[in-house]
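> Here's a sequence, model it:
(one chain, ligands or ions: 2)
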Amino acid sequence: MALEGVTKDYPVGKGRTLRAVDRVSLSVGRGETLGIVGESGCGKSTLGRLIVNLEPPSAGHIAIDGSTLSGLRGRKLTAMRKRVQMIFQDPVASLNPRMLISDSIAEPLRNDGTLGRAAIAKEVTRIAGICGLSDHHLQRYPHELSGGQCQRVGIARAIALRPDVIVADEPVSALDVSIQAQILNLIVRLQREFGLTLIFISHDMAVVRHVADRVAVMYLGRVVELSDAAEIFARPSHPYAAALFSSVPRPRPDRRRHRANVEGELPSPIDPPSGCHFRPRCRFATDICAAEKPQLRAVATGRTVACHHADAVRTATEL
Ligand code: ADP
Ligand code: MG
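Ligands and ions are numbered 1, 2, ... in the order given. This is a model prediction of the structure:
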């Protein structure tokens with residue numbers, strides 16, 4: 001799956017626009033898990049919705065195996081859409097309250113129209129079982145299940161059409177801490193079993209650390225760092241990433257890292273600062289940061305960073 005210059009603008013009145021996603025280019029390999037992290041409002045969910053084609057990008061392209069979604073129409077578009085599915089943040093709200101759980105899971109299969117009634121009923125039971133739901137859950141309504149069970153239903157719906165790519169948008173943040181691990185483990189198990197490409201969106205660094213192979217850090221609609229997970233957790237190179245990751249509990253709290261917490265307010269995405277969006281909050285910022293938008297560039301193996309001062313940041317944030 002590859003994104004090239006993907007952008008989303010929303011009109012916000014008086015002729016102004018809000019750029020929720022700003023020229024994001026990245027690729028995710030088959031079976032890989034890409035974590036997408038960043039503060040609330042940085043564009044993670046919008047990017048997720050663009051990837052699953054719930055809305056079209058304002059500019060740029062999204063391709064699976066070389067085929068661009070935006071170029072497709074009719075049956076080809078439907079076939080391509082099936083390959084990318086989403087797990088939503090609020091499991092209860094994402095289900096139809098008046099539909100039996102069995103019907104919720106059957107819905108994508110019915111819409112697809114490939115299987116007959118009997119085959120769908122069998123498939124629903126099979127998928128539910130894979131997701132840890134029993135027949136007794138299938139004959140209930142969403143309000144009769146717990147949040148965790150509803151998320152199992154959401155996951156069952158997402159895998160029903162055997163997609164290649166799953167976008168999970170904060171799939172456990174609405175759940176009790178005590179059941180988050182079960183749901184995470186289910187997602188990871190399904191990913192391994194079916195070789196799924198997983199795009200895992202979260203503001204919780206500890207969760208991302210648990211699942212991701214690579215991590216993209218977003219700030220105000222842009223990807224500011226895209227690095228291997230082990231690398232970025234050990235030594236983030238973008239000053240914003242360094243600030244985010246410094247709040248993750250350390251395995252060895254006695255080895256205190258240099259703290260680079262973010263000060264100041266998140267700027268408005270309607271009127272973002274020139275050059276580097278992070279500049280007003282960055283203690284490394286110089287004139288070039290206001291004048292030129294930093295592009296993502298490789299600074300070491302498995303690390304790309306959009307920062308004019310990446311080397312200085314890495315030296316300063318070293319353990
Ligand atoms: P995140 O998921 O990282 O919290 P979102 O993608 O939800 O961020 O939002 C990114 C920005 O886009 C926010 O400023 C949000 O207010 C704005 N936004 C999202 N959806 C819309 C929309 N449909 N219309 C206008 N603005 C939107
Ligand atoms: Mg969101």
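> List the contacts of the helix or strand hosting Ser227.
Ser227 is part of strand 222-228 when elements are defined by DSSP states H and E. By CB atoms under 8 Å, 6 or more residues apart in numbering, the residues outside strand 222-228 that reach it are 22-26, 213-218, 232, 236-238, 240-241, 277-278, 296, 302-307. C-betas here are computed from N, CA, C, even on glycine.
> ok and the helix or strand bottoming out on mean pLDDT in the chain relative to strand 222-228, angle-wise?
Ranked by mean pLDDT, DSSP states H and E, the weakest helix or strand in the chain is helix 310-317, scoring a mean of 80. Helix 310-317 runs at 60 degrees relative to strand 222-228, counting by axes from the mean of the first three to the mean of the last three CA atoms, to 10 degrees.
> and helix 310-317, what does it pack onto?
If you count contacts as 3 or more CB pairs under 8 Å, 6 or more residues apart in numbering; DSSP states H and E, helix 310-317 packs onto helix 239-245, strand 297-300.
> just to revisit the earlier point, hmm, which of the contacts of strand 222-228 are the buried ones?
22-24, 26, 213-218, 232, 236-238, 240-241, 277-278, 296, 303-307 (16 or more other CB atoms under 10 Å).
> Is ligand 1 within reach of the strand holding Ser227?
No - residues of strand 222-228 are not located near ligand 1 by CB under 6 Å from any ligand atom, the shortest gap being 11.7 Å.
> Sort out which of the buried ones among the contacts of strand 222-228 are in strands and list them.
Among the buried ones among the contacts of strand 222-228, the residues falling in strands (DSSP state E) are Asp22, Arg23, Val24, Leu26, Arg214, Val215, Ala216, Val217, Met218, Arg303, Thr304, Val305.
> Next, the contact list for the closest residue to the third one other than its chain neighbours, please.
Spatial nearest neighbour of Val24, chain neighbours left out: Val6 (4.6 Å); criterion: CB to CB, 6 or more residues apart in numbering. If you count contacts by CB under 8 Å, 6+ apart, Val6 has them with Val21, Arg23, Val24, Ser25, Leu47, Leu50, Pro57, Ala59, Gly60, His61, Ile62.
> so how far is ligand 1 from the residue of the chain most remote from its centre?
In the chain, the residue that sits farthest from the middle, by CA atoms, centre = their mean, is Ala118; the gap is 35.1 Å. With distances taken as CB to the nearest ligand atom, to the nearest Å, Ala118 is found 40 Å from ligand 1.
> just His136 next, same as before
35 Å.
> neighbours of that residue, just the number please.
By other CB atoms under 10 Å, 8 other residues sit near His136.
> Look up phi and psi at the most centrally placed residue in the chain.
With distances taken as CA atoms, centre = their mean, Ile201 lies nearest the centre of the chain, 2.7 Å away. Note on Ile201: backbone dihedrals following degrees, to the nearest 10 are phi -90, psi 130.
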